[in-house]
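Undergrad: A structural model of the following input is requested.
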Amino acid sequence: MVILKNLFKSFGEVKICDDVNYTFREKGLTCFFGPSGSGKTTIFNLIAGFDRSYKGEIEVNDSKLNGLSIEDLCKYRFNNIGFIFQNYNLFKGYTALENVLMGIHLESDITEGEKLKRALDLLNSLGLEEQKNQKIETLSGGQKQRVSIARALINEPNLILADEPTGALDSESTKAIMEILKDISKTKQVIMISHDEDVLEYADEVIELDDNKIKVIFKKEKDHEEVAIAYEVGDGKIKKEPKLDNKTAKSISLKNFKIHMFKFILAAVIIAFGSSAFVASLSTKKITNNIINDFKTKNFFYNIGTVPTLINGEKVTEDISELYDDIKANENLENVYYQYDLENLKIKNGDKSIDIPVKVPTAIAKETMAYGNIPMTNKNEIAISSNVANRITDDIKGLIGKEVIFEYINKDGESEEVKVIVSGLTNSIYQDFILSDDLEGKIYENAQIDKENPTAISFTVKDFEKIPDVEKELKSNDIGVFTKANEVEAFQKSFTSLLKLYTVLSYLILIVGLVISAIILYRVTIERYTEIGTLGALGYTKSNINKIIFRESVYFAGLSTIIAFASIFVFDLIYKMQFGYGIEVNFVSIAILVVINLGLTIGLSGFINNKLVKTEIVAALKS
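TA: Just a heads-up that it's a prediction; the model follows:
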C-alpha cells in the first residue's frame, strides 16, 4: 500500500503539494489526471524514489522511502516497481527480447533459462511473438509500448507506474494499451499519470492536484477483497539484492560498445594518433643525434681547425713552440701538428700536369666544396680546386674518384711521387689542394722544408659539439684561429629548433586529439543519459551501472592501444623513409605508449562517465 503523509514539495517559491495525505488503492488502476505542469509528474517521481527532496512521509507497506539511501531506493524499485514511460525509454540497438530482459538481469534467484522463458511468454501474451528479435527502432509506437509493458512486468512487481503511457500513441494503439493496463490492474496496483480524457473510462479511480492537495474526481467501489501487497520492504531494509553478474555485465557492455562502435573507433583513432605522435616526438632527439653523427661522419673536416703562425711573413708570436704546446695541451683537441709551405709541387693526370711553385697550408675551415668530399684520414686522398682540375682534365666532375700523381721534393732534393685519389673539388679560385691529414703529415716529415718556420698549426676538435666552445676559448687567449664554429652553431640551432617545433606540434596533436575525443565521447554520453536514467529506474545501482561502463572503457582503451601500436610502427616506417632512421621502437617506448594511451582513454572516459553515472535519475530521464 502506498501512503502519503503530510507531504510537502516545492521548487523554490513554487509549491507543488502542501500537507498532502492520501492512501492509494492496493489494486486497480489509479489515474492521476491533469494538464502538463500541474504537479502530477512530481508526485510520480516521489513515489518512484527518483526525488528525495521533500518533507513529510511516503510509506510503502509501513516502510518510509525518505529513510532509504539512493542505493536502497534502487533496490526498492527493483523489488517493487515496473515502469512504463511515455517515450518508451527502450534501449536503442537492442531487440525487443533484449529490452525485456534488461528488466530481469538483476534477478539472481532464477536461472538464465527461466528469465528467457519469462520474457518470451510476456512477449507472446502481448502479441509480439514475431517481433521478439527485431531491433527496437523497427517497431511501431504501439509495439514499442508493449515491449515497455513486458519489461515492466518481467520482474513481477506489485506496483506499476505509468507515465503518460499513451501520450505518443494513436487512438487505436491507445485503446489496446489501456486494455492491457486494465487487465494488469486486476492483480496489481497501477498508478498512471495522464492528461488524456479518453483513458479515464479505464480507471478505477481518478485523482488530481487541486490547490496543492490531492482531490478525488472519481472512484469506483471496490468489487473485490483487497489483500495487502507484499512489498519486499521491511524495517527500512530491502530484502532482495539486485545483482549484476560479471557475465551479464560483459554481455551488456559488449552490446553497448558495438552500438556506439563508430564513435568509439573515431575517438580511439584520434587518441592513438596523438599518443603515438607524442611518443614518436620523444624519439626525435635520438634521430637528431643520428643525423648529427651522420653529418659529422660525412663532414669530419668541420672538426679540423687551423692557427696561423705567420701572417704576411711575420710571426704571430715570438715563441711558436709555446703556442704549439698550449694548443696541444687543450684536452678538447687532438692530432695537433705543424704545417709548412711546400715548394716545387706537381699534380699529374695521365699526360697532363700542373706545376705549383708554392703551396701554403689551406685553412680548411674557410673552404667549401663544389663537388665530392674533403679528403679523409687514412685514405690517401686529395681535394683540388677547380682551377687545378681544369688544367689536368677536360671533365672535372669525372676526375672525382680517379687516381692522380702528387709530386714533391724530398729531403734529398729528389722528386718523389705519391698516388692519391681525388675525393672532391673545392671552390677555391687559386691553384690549391687539400691532402688527407695523415698523408700531409708524412709529406712534411719527408719533404725539403724549413721546419724552423712553420706556417700554421693544424688540429682536430674531438667533439663536434665543442667546436664553437674551442674557438671561443682560443680567441679568448688571443690565439687567431680558423674553424667552422659559425656553421656548426647554425647547424645545432636549426636542429634544436626543429626538435622544439616537432615537440610542440606533438603536444598540440596530443591535446587537440584529447579535446576532439572528449567531445566525441561526451556526445556519446549525452545520447546515453536516458539510458542511464532508465537503468536507474529498473533498479540498477551505481555499482551495477559502473560494472557495465567500466568494461566499455576497457574495450575503448584496448582498441585505442591496438591502434596506437599500429600507428607507432607507421611512424617508424615514415621516419625511416624520411630520415633514414627509425624511431627505434623498443620496450621503453612501447611502455610509454601504453601508459599514455591507457591513461588518456581510461582517464578521459572515466571522467566523462563519472558525471554520467552521478546524474540524478529525473534529470537523466528528462534529457
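
Undergrad: Do me a favour and average the pLDDT over stretch 562-579.
TA: Stretch 562-579 shows an average pLDDT of 84 in the prediction.

Undergrad: Residues in contact with it: which ones?
TA: Outside stretch 562-579, the residues within contact range by Cβ atoms under 8 Å, 6 or more residues apart in numbering are 268-269, 271-273, 275-277, 279-280, 283, 287, 290-291, 581-585, 589-590, 593-594, 597. Heads up, the C-betas are built off the backbone N, CA and C, glycines and all.

Undergrad: switch to 7 Å and redo it
TA: The list of residues contacting stretch 562-579 from outside it, by Cβ atoms under 7 Å, 6 or more residues apart in numbering, reads 268-269, 272-273, 275-276, 279-280, 287, 291, 581-583, 585, 593, 597.

Undergrad: Flag the helix or strand of this structure with the lowest per-element mean pLDDT.
TA: Least confident helix or strand of the chain, by mean pLDDT, DSSP states H and E, is strand 233-234 with a mean of 32.

Undergrad: Pull the distance from stretch 613-623 to the chain's centre.
TA: 28 Å (Cα atoms, centre = their mean, to the nearest Å).

Undergrad: right, I mislabeled it, should have said stretch 64-78
TA: Relative to its chain's centre, stretch 64-78 lies at 39 Å (Cα atoms, centre = their mean).

Undergrad: how long is it from one end to the other?
TA: Taking Cα to Cα, to the nearest Å, the first and last residues of stretch 64-78 lie 16 Å apart.

Undergrad: what residues does that stretch touch?
TA: Residues from elsewhere that reach stretch 64-78 (Cβ under 7 Å, 6+ apart): 48-49, 52, 57-58, 106, 155, 233, 236, 238, 241-242, 536-541.

Undergrad: let's see it at 8 Å
TA: Applying Cβ under 8 Å, 6+ apart, the contact partners of stretch 64-78 are 46-49, 52, 54, 56-60, 83, 106, 155, 233, 236-238, 240-242, 536-543.

Undergrad: I'd like the distance between residue 313 and residue 453.
TA: 10 Å (Cβ to Cβ, to the nearest Å).

Undergrad: These two: which has the busier surroundings?
TA: The neighbour count for residue 313 versus residue 453, taken as other Cβ atoms under 10 Å, is higher for residue 453 (14 against 6).

Undergrad: Quickly list what the closest residue to the more buried one other than its chain neighbours is bridged to.
TA: In space, and not counting its chain neighbours, residue 453 is closest to residue 310: 7.1 Å by Cβ to Cβ, 6 or more residues apart in numbering. Note on residue 310: beta-bridge partners by DSSP bridges are residue 315.

Undergrad: What number of residues are in the vicinity of residue 310?
TA: 16.

Undergrad: do the same with residue 92
TA: Neighbour count of residue 92, defined by other Cβ under 10 Å: 15.

Undergrad: Likewise for the one 3 residues further on?
TA: Residue 95 is flanked by 18 other residues according to other Cβ under 10 Å.

Undergrad: Would you quantify the distance from it to residue 436?
TA: Using Cβ to Cβ, residue 95 is found at 82 Å from residue 436.

Undergrad: Same check on residue 300?
TA: 11 Å.

Undergrad: So if I had to pick from the two, which one is more boxed in?
TA: Legend: neighbour count by other Cβ under 10 Å for residue 300 and residue 436, higher for residue 436 (21 against 17).

Undergrad: what about the closest residue in space to the more buried one that isn't next to it in sequence, is that helix, strand or coil?
TA: Sequence neighbours aside, residue 375 is the residue nearest to residue 436 in space, at 4.2 Å (criterion: Cβ to Cβ, 6+ apart). Assigned state for residue 375: coil (three-state reduction, DSSP: H, G, I helix; E, B strand; the rest coil).

Undergrad: Kindly tell me how buried residue 315 is, as a neighbour count.
TA: Residues within reach of residue 315, counting by other Cβ under 10 Å, total 14.

Undergrad: quick one: it and residue 309 touch, right?
TA: Yes - taking contacts as Cβ atoms under 8 Å, residue 315 lies within contact range of residue 309: 6.4 Å.

Undergrad: which residues touch residue 582?
TA: Neighbour list for residue 582: 572-573, 575-576 [criterion: Cβ under 8 Å, 6+ apart].

Undergrad: Return the members of those residues classed as buried.
TA: Buried subset of the contacts of residue 582 (neighbour count, 16 or more other Cβ atoms under 10 Å): 572, 575.

Undergrad: Just flag the most distant two among the contacts of residue 582.
TA: Pairwise distances across those (Cβ to Cβ) peak at 7.3 Å, for the pair 573 and 575.

Undergrad: can you give me the helices in the stretch 401-550 of the chain?
TA: 437-446, 467-476, 485-527, 529-537, 542-579 (DSSP state H, counting those that start in this stretch).

Undergrad: out of those helices, deepest packed?
TA: Scoring these by mean neighbour count under mean count of other Cβ atoms under 10 Å gives helix 529-537 as the most buried, with a mean of 23.

Undergrad: residue ranges with poor pLDDT in the protein?
TA: 61-63, 222-239, 283-289, 579, 581, 623 (pLDDT under 70).

Undergrad: coming back round to it: who wins on neighbours among the contacts of stretch 562-579?
TA: Among the contacts of stretch 562-579, the one with the most neighbours (other Cβ under 10 Å) is residue 275, at 31 neighbours.

Undergrad: OK, contacts around that one?
TA: Counting by Cβ under 8 Å, 6+ apart, residue 275 touches 510, 513, 560, 564, 593, 596-597, 600.

Undergrad: And what about it, helix, strand or coil?
TA: Secondary structure assignment for residue 275 (three-state DSSP): helix.

Undergrad: Tell me how far it lies from residue 282.
TA: According to Cβ to Cβ, residue 275 stands 11 Å off from residue 282.

Undergrad: show me the contacts for the closest residue to residue 510 other than its chain neighbours.
TA: Among residues not flanking residue 510 along the chain, residue 274 sits closest, at 4.1 Å (Cβ to Cβ, 6+ apart). Residues counted as contacts of residue 274 (Cβ under 8 Å, 6+ apart) are 509-514, 600.

Undergrad: hmm, try it at 6 Å
TA: Applying Cβ atoms under 6 Å, 6 or more residues apart in numbering to residue 274 gives the contacts 509-510, 513.

Undergrad: how long is stretch 379-399 from one end to the other?
TA: Start-to-end span of stretch 379-399 (Cα to Cα) is 17 Å.

Undergrad: Identify the residues contacting it?
TA: Stretch 379-399 has contacts (Cβ under 6 Å, 6+ apart) with 349, 352, 354, 371, 374-375, 420-426, 428, 431-436, 439.

Undergrad: Return the set of buried residues in it.
TA: By 16+ other Cβ under 10 Å, the buried positions in stretch 379-399 come out as 380-389, 391-393, 396, 399.

Undergrad: Mind checking which of these are in strands?
TA: Of the buried residues of stretch 379-399, the ones assigned to strands by DSSP state E are 381-385.

Undergrad: which among the contacts of stretch 562-579 gets closest to residue 125?
TA: Proximity of these to residue 125 was ranked by Cβ to Cβ; the top entry is residue 268 with 43.1 Å.

Undergrad: thinking the closest one is in contact with residue 561, fair?
TA: No - here residue 268 lies out of contact with residue 561, judged by Cβ atoms under 6 Å, at a distance of 8.6 Å.

Undergrad: Provide the count of other residues in contact range of residue 2.
TA: Neighbourhood size, residue 2 [other Cβ under 10 Å]: 23.

Undergrad: Begin at 16 from now on, thanks
TA: Right, with 16 as the first residue, what we last looked at is residue 17.

Undergrad: Now for it: which residues touch it?
TA: Going by Cβ under 6 Å, 6+ apart, residue 17 touches 39, 75.
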